[in-house]
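Engineer: Predicted model and sequence follow; I will ask about them next.
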Amino acid sequence: MTTDPRLVFFDLEHSLLSAGRVRGRANVQASGLIEASLSGSFSLQAGNVADFGFRGTFRGQAVEPRLVSDGRQMRGGSLDKTFDDPTPSALREAICYGFMRMGILHNLARLSAGAPPDHAQGGAADWVAVSRFSWGEPVHVSGRPAIAIRFDIVVDSSRNHEATLWLDQDSGLPLRRRQTTNFSDGPMIVEECYLEVDIT
């Protein structure tokens, strides 16, 4: 494996963008200024085909964020907040960049509010950037040896997020993510655990 954490990060991001299929499950917990607890599954395929199904709570309210796209039409939202629109051309890019750079909770929050993934019409890679990569201490995650990549997240030129992404040492697939966002009213800490992730 390369000794540059930046290259490892972007290689994984490229794999998500170009793979024939990406699937897995995730458990998400947020504490601090915003509280959330969600679990569910996700699947992406070529041609902007997507299937997300989660359930839990966000800001104390029951939510069921959902997104289904056959590449032509997408439906999603949560409970009584839904949308049914033509699939935008950059849906997969919005999901993949959002997952790698912001964590899966960001777009689950949008779906919970009845909105599609952020920047699904295009421009996600310019909207959110990542920088200042470094290695963290290697650990074991769910019994598996993992490497840790630390980085800062810059959204609309504002650097107020920092994250650590743990990858399986053997497969290079994501296992866990911890992110801190510093709002003016206080921090929000998000822990995401990724299960059965498969990229083919």
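Structural biologist: Arrived safely.
Engineer: Please name the bridge partners of residue 186.
Structural biologist: Under the criterion DSSP bridges, residue 186 forms beta bridges with residue 183.
Engineer: List the residues that contact the closest residue to residue 127 other than its chain neighbours.
Structural biologist: Closest residue in space to residue 127, ignoring its immediate chain neighbours: residue 119 at 5.2 Å, by Cβ to Cβ, 6 or more residues apart in numbering. Placement of C-beta: from N, CA and C, glycine included. With contact set as Cβ atoms under 8 Å, 6 or more residues apart in numbering, residue 119 has these partners: 90, 94, 97-98, 127.
Engineer: can you redo those residues as TSV with pLDDT?
Structural biologist: Formatted as TSV, the contacts of residue 119 follow (pLDDT from 0 to 100):
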residue	pLDDT
90	97
94	97
97	97
98	96
127	93
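Engineer: between those residues, which is closest to residue 177?
Structural biologist: Closest to residue 177 out of the contacts of residue 119 is residue 98 (12.4 Å), distances taken as Cβ to Cβ.
Engineer: any idea of the mean pLDDT in stretch 136-146?
Structural biologist: Stretch 136-146 shows a mean pLDDT of 91.
Engineer: got the buried residues for that stretch?
Structural biologist: Of the residues in stretch 136-146, those buried under the neighbour-count criterion (16 or more other Cβ atoms under 10 Å) are 136, 141, 146.
Engineer: Among those, which ones are in strands?
Structural biologist: 136, 141, 146 (DSSP state E).
Engineer: would you turn the residues you listed into CSV with distance to residue 172?
Structural biologist: Shown next, in CSV, are those (distance: Cβ to Cβ, whole Å):
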residue, distance to residue 172
136, 15
141, 13
146, 10
